[in-house]
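Asks: Have a look at this prediction, sequence included:
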Amino acid sequence: MANKAKMQGIAPEKVMETVRIVRFAGATKVVGDAEPVFEMVQSVK
């Protein structure tokens, strides 16, 4: 990805911002997928 971005002249700051957005989206998905499990665990108590 870094080589492709460099070849296309994309600024390093833009690449880093994209990486941050993707990481945040991934983390948000993990938490969203875990919410039903959390609810089930709480209802067992």
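Replies: Happy to help now that I have it.
Asks: So which elements touch the longest helix seen in the chain?
Replies: Scanning the chain for the longest helix, with DSSP state H as the assignment, gives helix 12-44. Helix 12-44 sits against helix 2-8, with contacts defined as 3 or more CB pairs under 8 Å, 6 or more residues apart in numbering; DSSP states H and E. Heads up, the C-betas are built off the backbone N, CA and C, glycines and all.
Asks: Show me what the helix it packs on is packed up against.
Replies: Applying 3+ CB pairs under 8 Å, 6+ apart, one finds that helix 2-8 contacts helix 12-44.
Asks: Return the distance of the helix it packs on from the chain's centre.
Replies: Computed by CA atoms, centre = their mean, to the nearest Å, the chain-centroid distance of helix 12-44 equals 6 Å.
Asks: Mind checking the pLDDT average for it?
Replies: Model confidence over helix 12-44, given as mean pLDDT, is 92.
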